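Undergrad: Got a predicted model here, sequence first, then my questions.
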Amino acid sequence: MNPSSKSQQSTSKPTFPGRVHSVVFFLVAGLIIEACLIGLALNGNVRESGSKVILAVSIFLVAFIVYLFPAIQLIRKGSGPSLRIIIFFALLFRITLLPSFLNLSDDLERYLWDAKVMRGGVNPFRYAPGADELDQFRSPGDLPVNHPEIPTIYPPLSQAYFLAVHFLGDGEKGMRMAAALLDMGVILALISLLRATGKSPCLSLLYAWHPLPVVEFAGNGHHDVLGILFLILTLLAVVQRRQLAASGLMALSVLAKLWPIVLIPIIFLGRTFRTASPPASENNNPSFAGRLALAIVVFSLICLAGYMPFISVGAKLFDGLRTYSREWHFNSVFFSTWFEWTGDRNTPKVIALAVVALMSFGFALFGRDAIKGCFYTLGAFFLLSPTLHPWYLTWIIPFLCFRMSAAWLVLSGTVGLAYLVLFNYVISGVWQESNLVLLAEYLPFLAAWIVSLWHRGKPPGTAGS
């Protein structure tokens, strides 16, 4: 027997002890992440003291660093623990945070307020929470609603979600339970999409075990998970070449959160659907133009149906959104730097829109991979946006299962440092960002991006030089 073939046989498949060691490695990592989440839950409401803010951010960063070990192992080896282990720990992580009230974000109070006024028959787009017309809905036990002078910014499907969860009761805990359940749905949808694209479903660990979605959905109850779920299902329909299903699911994602609207060119004009059917000369399928028109009609009708129950307020329907886009800025290194140097709010927004539009149409017309196009376009959108709350990056993490980026992986952890803004806020009531925190967040991202570009540009065979 050729010695080299013997060596290949011995390394082509892990030995039994090797498999055991691998499973133990992932189990230990999962247990340490779980211990961190228990600590986070025991820390409780961070707005009780500045020290709790520091401890919560520290625990999150430790959990993220521990998560990196199984994540890197999975990326390097191409295989991980069984799906049962992945799903078991994913569920355990989310259940662990449900009894706690982290209060890292006060968005839940706004969700509950919108649901309360809707249940009372009032359009949440008509009045801001502080309006005198809504005095009848206030009660002594209510937590303060953020920005009470601004009407809601949340789209119709989110409003329906808030109302449905409110009917089920249990207040903020009910919202977090619903978000955790939807988050498990995201994991299952990711597994289906990984299989449909020929990738190992074990890569779902990169999302399922990431501390950020666990904290933001089970811990903070953010409704972004609803839009993320429909976006992943949209991409699954794209991969399966089901154009009408993709257009309908895309509409639901946009009705949950408006951000996916920047991905419409990729979904509707992408290569997958331009070549989805036989040539028009065969007459057994409509032309691309016909299919595109039908998809646009489906998308438009679903969006219109979503907004119809709220349309009575007319132009006020987007008052809150206009205020948000005009006034909000937080944790954005591009916008903050431009604004501090020039005092100009509008130019960086125009640049951001132009870059994102060019990327979206570029990937639509010239790209081959819709998932890659959505990843890079959303990434540019968030980096150039005036506001980047930590939970916004939960939209990026699913894409790491398909196209690993060390830079985005790093930022998905360092973005937790943004919560340090609560330290001064809890103590003094002043919301003041720190440039040092911005540097600590974005410099590792920039360094990882430069290193990845350098490695990509190196000629083959120069690794040891």
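TA: Yep, that arrived. Predicted model only: the values in this text are computed from it and were never measured.
Undergrad: So what's the residue count around residue 427?
TA: Using other CB atoms under 10 Å, the number of residues around residue 427 comes to 11. Every residue, glycine included, has its C-beta placed from N, CA and C.
Undergrad: Which residue is the nearest non-sequential neighbour of it?
TA: Using CB to CB, 6 or more residues apart in numbering and skipping the chain neighbours, the partner closest in space to residue 427 is residue 50 (5.0 Å).
Undergrad: wait, doesn't the one you found sit right on residue 429?
TA: No - in this structure residue 50 lies outside contact range of residue 429 using CB atoms under 8 Å: 12.0 Å.
Undergrad: who has more neighbours, these two?
TA: Neighbour comparison, residue 50 and residue 429: the larger count goes to residue 50, with 17 against 7 (by other CB under 10 Å).
Undergrad: picking that back up, so for the residue nearest to residue 427, what pLDDT did the model give?
TA: Per-residue confidence (pLDDT) for residue 50: 94.
Undergrad: what do you get for the one 10 residues further on?
TA: Looking at residue 60, its pLDDT reads 98.
Undergrad: And the next helix or strand past the particular helix or strand that has it in it?
TA: Taking DSSP states H and E as the definition, one finds residue 60 inside helix 50-77. Using DSSP H and E, the helix or strand that follows helix 50-77 towards the C-terminus is helix 83-97.
Undergrad: tell me the angle the helix or strand hosting residue 188 makes with helix 83-97.
TA: Here residue 188 sits within helix 171-196, counting by DSSP H and E. Helix 171-196 and helix 83-97 meet at an angle of 160 degrees, taking axes from the mean of the first three to the mean of the last three CA atoms, to 10 degrees as the criterion.
Undergrad: Remind me what helix 171-196 packs against, helices and strands.
TA: Packed against helix 171-196, as judged by 3 or more CB pairs under 8 Å, 6 or more residues apart in numbering; DSSP states H and E, are the following elements: helix 83-97, helix 107-119, helix 156-168, helix 205-208, helix 224-239.
Undergrad: average model confidence for the helix or strand residue 412 falls within?
TA: Residue 412 belongs to helix 406-414 when elements are defined using DSSP H and E. Average pLDDT, helix 406-414: 97.
Undergrad: Ok, stretch 192-208 next?
TA: Predicted confidence along stretch 192-208 averages 96 (mean pLDDT).
Undergrad: which residues touch it?
TA: If you take CB atoms under 8 Å, 6 or more residues apart in numbering as the criterion, stretch 192-208 is touched by 70-71, 74-75, 78-83, 86-87, 89-90, 186-187, 190-191, 213, 232, 235-236, 239-240, 371, 397-398, 400-402, 404.
Undergrad: okay, it in PDB with CA atoms only?
TA: Taking Å, rounded to 0.1, in the frame of the first residue of the first chain, the C-alpha atoms of stretch 192-208 are listed here in PDB:
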ATOM      1  CA  SER A 192     -33.600  25.000   5.900                       C
ATOM      2  CA  LEU A 193     -31.700  27.700   3.900                       C
ATOM      3  CA  LEU A 194     -28.300  26.100   4.600                       C
ATOM      4  CA  ARG A 195     -29.600  22.800   3.300                       C
ATOM      5  CA  ALA A 196     -31.100  24.400   0.300                       C
ATOM      6  CA  THR A 197     -27.800  26.000  -0.600                       C
ATOM      7  CA  GLY A 198     -25.800  22.800   0.000                       C
ATOM      8  CA  LYS A 199     -24.100  23.900   3.200                       C
ATOM      9  CA  SER A 200     -23.800  22.100   6.500                       C
ATOM     10  CA  PRO A 201     -26.800  22.900   8.800                       C
ATOM     11  CA  CYS A 202     -24.300  22.900  11.600                       C
ATOM     12  CA  LEU A 203     -23.300  26.400  10.500                       C
ATOM     13  CA  SER A 204     -26.600  27.500  12.100                       C
ATOM     14  CA  LEU A 205     -24.600  27.500  15.300                       C
ATOM     15  CA  LEU A 206     -23.000  30.800  14.300                       C
ATOM     16  CA  TYR A 207     -26.400  32.400  14.800                       C
ATOM     17  CA  ALA A 208     -28.000  30.100  17.300                       C
END
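Undergrad: Residue 105 belongs to a helix?
TA: No - counting by DSSP: H, G, I helix; E, B strand; the rest coil, one finds residue 105 to be coil, located in no helix.
Undergrad: switch to numbering from 6
TA: With 6 as the first residue, the last one maps to residue 110.
Undergrad: check contacts around the closest residue to it other than its chain neighbours.
TA: In space, residue 110 comes closest to residue 225 once its chain neighbours are excluded; the distance is 4.9 Å by CB to CB, 6+ apart. The neighbourhood of residue 225, defined by CB under 8 Å, 6+ apart, consists of 107, 109, 110, 112, 113, 181, 396.
Undergrad: Pipe those into CSV and attach neighbour count, pLDDT and distance to residue 125 per row.
TA: Listed next are the contacts of residue 225 as CSV, based on neighbours: other CB atoms under 10 Å; pLDDT from 0 to 100; distance: CB to CB, whole Å:
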residue, neighbour count, pLDDT, distance to residue 125
107, 24, 91, 29
109, 26, 94, 29
110, 20, 93, 25
112, 19, 93, 21
113, 25, 93, 19
181, 26, 96, 23
396, 23, 97, 28
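Undergrad: and which of those is nearest to residue 159?
TA: Proximity of these to residue 159 (CB to CB) peaks at residue 112, which lies at 9.3 Å.
Undergrad: Now do the closest residue to that closest one other than its chain neighbours, the pLDDT please.
TA: Using CB to CB, 6+ apart and skipping the chain neighbours, the partner closest in space to residue 112 is residue 227 (6.2 Å). Listed pLDDT for residue 227 reads 97.
Undergrad: Pretty sure residue 227 sits against residue 184.
TA: Yes - counting by CB under 8 Å, residue 227 does reach residue 184; the two are 6.4 Å apart.
Undergrad: Count residues in the vicinity of residue 105, would you?
TA: Neighbouring residues of residue 105 were enumerated by other CB under 10 Å; the total is 19.
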